[in-house]
Every structure is written in C-alpha cells, then in structure tokens.
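Asker: starting from these lines, generate the structure:
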Amino acid sequence: MKNIVKIPFAFTLLSIALLGCSSKSGIKVEEPKPNPLPKIQVTQQLKPVFQTSVSSSPKHDPLRYQLDRFDGVYYSVDPDGKVAATNGKNKLWEVRPSKALTAGVSVGQGVAIVGNRQGQIFALDAKTGQTLWQQQLTGSILSPALIFQNRVVSISNDGTVFANDVRSGQLIWTFDLPDTSLRVRGYAAPTVIDDRTIAVASANGYVYALDVITGVPNWQRRVAVNDGRGDIQRLIDIDGQPVVIGDKMVTVSFQGQVTVVDLTSQQVLWSEKASSLNSPAVDNQAVYVANTDGSLVAYDLYNGNKLWETDELAHRGLSNPVVLGNILVVGDYEGVLHLIDPATGKINGREKTSGDVRTLRVEDNLLYVATTKGNFSVWQTP
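Answerer: Residues are numbered from 1 along each chain as shown. The predicted structure is shown next:
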C-alpha cells in the first residue's frame, strides 16, 4: 500500500519528519517565518472583473478548485456540493449533485464536470445544470478534469487516468500511472500537447504522453531525478500541471528540477535544480518558478540560464506564478497578488483577495484566482 502525505510547503513536510523524533530528543523544530511584505512603489495594477464566494476548503488539503468560463457564463464549484452558473450578477442556475465536492469545475463542449472524494464524477448540462451522467472511479478526485476531443479525462488519487465519453459518460479507456511507495497527495490535471495528445505527470518523475482517443502511450520522458538518502528526501512528485508552449513542454518537480523538453524529439533541452508543488509560468522568453521556500526564479526558456532570482517573498507560501500580458503574477498565503516585472523580478504592484491563494490561471487575457477561503475572482489589466 502506498503512503500519501499532505504538504502545504516543503519545509512543513521536513518539519513533520523531524518532529517525529523531537519528543525523544528534546529538539524543537520551528517553521521559518514568512518575510514581511516588501515596500514597493506601485506602478502596475489590475482591474477586478468578477467575484463570487463559496465555502472554505481545508487549507492543507491539495484541492484545486477553480472558476471556469464558457460562452460568457462563469461556473463555480462549492466544497459543500453545489455548482452554480452566473452571468454577470444573474445566477442562471444552482444545483447540488453531491453532498461534498473535491474537484472542479471544468466546462467545455456544453458540459460542466465536477468530482468528489468518493471517486464520483458528475457531468452537468452547462445551460441548465441538469445531471447528464455520473460515473464511479476508483479513488478520490482532487484535481479538475480535462475536457478535450469528446473525452473527459480525470485522474483518481490511486493513480488511474480515466477517459469517459463527454456525452454519455461511457468509459473509453484507462491508464495506470506507476505506483510509488511514498508520494505527495494529489495529481496534476492533464495538459493538452497537440490535437491528439495529452500529458499526464506522475509521482515517479515521469511525464506520459497519451493518445486522448485511445489511451495508448505515445512516449514517456523522465523529467525529475533526486539522489536523496531517505524516502522523504527522494520525493520528486510532479504535482504542478505541465505547461506547453509551442514545441516545448515545461515541468517542475518537488525536490527535483525545472525541465524543458523538446516535444518534437522528446529530448530534454535543459534541466536546473528547483522544488515546487505548483506549475511554472512560461512566456516566449523565460520560465518562472515559485519554489517551496518562496524564492522566485526566472530561467531563459532556450538554454536554462538564470535570468534573475528574488527571495523577497520567502516563506510566504507562494502559489503558481502566471503571466498576464506583461505582468508576472504570484499569490501568497495572505491573499496578496504580487505584480512583478518579468524582465527584472521587481515587484511593481499588489492586489488583495481573501484567503490563501491556491491557484492562478490565465485564459483569454483574464486572470482567474482561487483561494482556500472560497474566494473566486477574475482580473484583467487596465
């Protein structure tokens, strides 16, 4: 049986490991104190577009709820089991397919997909909220599904990838990720590589490219290694969703590396030491990684050379970074969105949300923010 651990930050895991023997040794282990907010001169701002609130989620549970948008309508998921569709200030519908939900919401091809801890996924009609189908998977669903090419691709927490028909819910194929004796709880959501292929990251440091129609693996590539001595030190989970830009795929692993793979040859272009449980941010020039210790690092996309590094936000529990126009954005445990110059790493502005920022996402030049206090918000550049 595999052992699964929850890790809000890297130092927390290591502290827990040390605290296991502290009562005998008398050693007291303290977590590093978060850096105070740095003083800045505000030259950049964001404009709020939409906001809604749902129930809070467990702070140390790796649940990645998200707000989604389809045909101008916003869709939100509530941990207490509700799913709602809102157009501006008008709530179009609200339903409760389950007593509690742990994943979602993903919307596409006319359906909204959510999942729960019991391994059930629900497909709702995006216009009416009516349940179209539900299916039982083999483990808890903790990350949003991918709706692509008439498939709903989801990953259960036992490492099984499922593809169901988007209309009927019929199971089309499954793929089993390799088992590991110890891993971080949760899996990254699948990522689209091209019009036939998706990428699925695993706890063993590999990324698997699967044919989305058949589930057949086209290729696999190891993108993380670790030479730690103990089981905890050898954890190299890829919990952040891989990022695809052009013919390159970028990954970052926990206690491993940030790695860029050429998708044409499936060969590693470069790899540098890094540690994160979140996705990197990527633009046409650089890769940005928010490490588990709160350091923020930029690398040249093409050769891996370090462009800049800052520890001004050290130990502030950073979210994944994203690029919004000409601004690099990262959130922290106090709900602050830091607006950073991607060329220099200088913090030029900040906005405030409510709760620990769990995930950031950019789509159609809009920034989507989700926090553990159940605050969903959408922002844009002025």
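
Asker: show me where the stretch 151-300 of the chain dips below the pLDDT cut-off.
Answerer: Counting by pLDDT under 70, the stretch 151-300 of the chain contains low-confidence residues at 181-185, 228-234.

Asker: could you point out which element follows the strand or helix carrying residue 123?
Answerer: If you go by DSSP states H and E, residue 123 is part of strand 120-125. Where DSSP H and E defines the elements, the next helix or strand beyond strand 120-125 is strand 131-136.

Asker: alpha carbons of that next one, in PDB - could you do that?
Answerer: This file holds the C-alpha atoms of strand 131-136, laid out as PDB (Å, rounded to 0.1, in the frame of the first residue of the first chain):
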ATOM      1  CA  THR A 131     -27.200  16.000 -14.400                       C
ATOM      2  CA  LEU A 132     -26.400  14.300 -17.800                       C
ATOM      3  CA  TRP A 133     -24.400  11.400 -16.300                       C
ATOM      4  CA  GLN A 134     -22.300  10.300 -13.400                       C
ATOM      5  CA  GLN A 135     -19.600   7.600 -13.100                       C
ATOM      6  CA  GLN A 136     -17.800   5.900 -10.300                       C
END
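
Asker: so what strands line up beside whichever helix or strand comes after that strand?
Answerer: The first helix or strand that comes after strand 131-136 along the chain, using DSSP H and E, is strand 146-148. Strand 146-148 has its sheet partners listed here by DSSP bridges as strand 151-155 (antiparallel).

Asker: what's the helix or strand following the partner strand packed up against?
Answerer: Going down the chain from strand 151-155, the next helix or strand is strand 160-165, by DSSP H and E. When contacts are defined as 3 or more CB pairs under 8 Å, 6 or more residues apart in numbering; DSSP states H and E, strand 160-165 sits against strand 151-155, strand 171-176. All C-beta atoms are positioned from the backbone trio N, CA, C, and that covers glycine.

Asker: what's the burial count for residue 365?
Answerer: When neighbours are counted by other CB atoms under 10 Å, residue 365 registers 9.

Asker: the one 4 residues further on now?
Answerer: For residue 369, the neighbour count with other CB under 10 Å is 29.

Asker: how about residue 298: what's its closest non-neighbour residue?
Answerer: Once flanking residues are discounted, residue 298 sits nearest to residue 307: 4.2 Å by CB to CB, 6 or more residues apart in numbering.

Asker: helix or strand: which one has the one you found?
Answerer: According to DSSP H and E, residue 307 maps onto strand 306-310.

Asker: are there helices or strands packed against that strand, and which ones?
Answerer: strand 296-300.

Asker: list the buried residues of the strand it packs on.
Answerer: Of the residues in strand 296-300, 296-299 count as buried by neighbour count, 16 or more other CB atoms under 10 Å.

Asker: next one: the following helix or strand past the strand holding residue 307 to chain centre, how far?
Answerer: As assigned by DSSP H and E, the chain's next helix or strand after strand 306-310 is strand 322-324. Computed by CA atoms, centre = their mean, to the nearest Å, the chain-centroid distance of strand 322-324 equals 14 Å.

Asker: what average pLDDT does strand 322-324 get?
Answerer: Averaged across strand 322-324, pLDDT comes to 98.

Asker: note down every partner strand of it and its orientation.
Answerer: Here, using DSSP bridges, strand 322-324 pairs with strand 327-331 (antiparallel).

Asker: helices or strands up against the next helix or strand after the partner strand?
Answerer: Going down the chain from strand 327-331, the next helix or strand is strand 336-340, by DSSP H and E. Packing contacts for strand 336-340, counted by 3+ CB pairs under 8 Å, 6+ apart, involve strand 327-331, strand 347-352.

Asker: deepest in the core, which of those strands is it.
Answerer: Ranked by mean neighbour count, the helices and strands packed on strand 336-340 are led by strand 327-331 with a mean of 26 (mean count of other CB atoms under 10 Å).

Asker: low-confidence ranges, the stretch 1-150 of the chain, go.
Answerer: Flagging of the stretch 1-150 of the chain using pLDDT under 70 yields the residue ranges 1-30.

Asker: repeat the analysis, applying 90 as the threshold.
Answerer: The model of the stretch 1-150 of the chain has pLDDT under 90 over residues 1-32, 57-64, 88-89.

Asker: show me where it has helices.
Answerer: For the stretch 1-150 of the chain, the helices defined by DSSP state H, counting those that start in this stretch occupy 10-19, 22-25.

Asker: which residues does residue 302 contact?
Answerer: Listed by CB atoms under 8 Å, 6 or more residues apart in numbering, the contact set of residue 302 reads residue 269.
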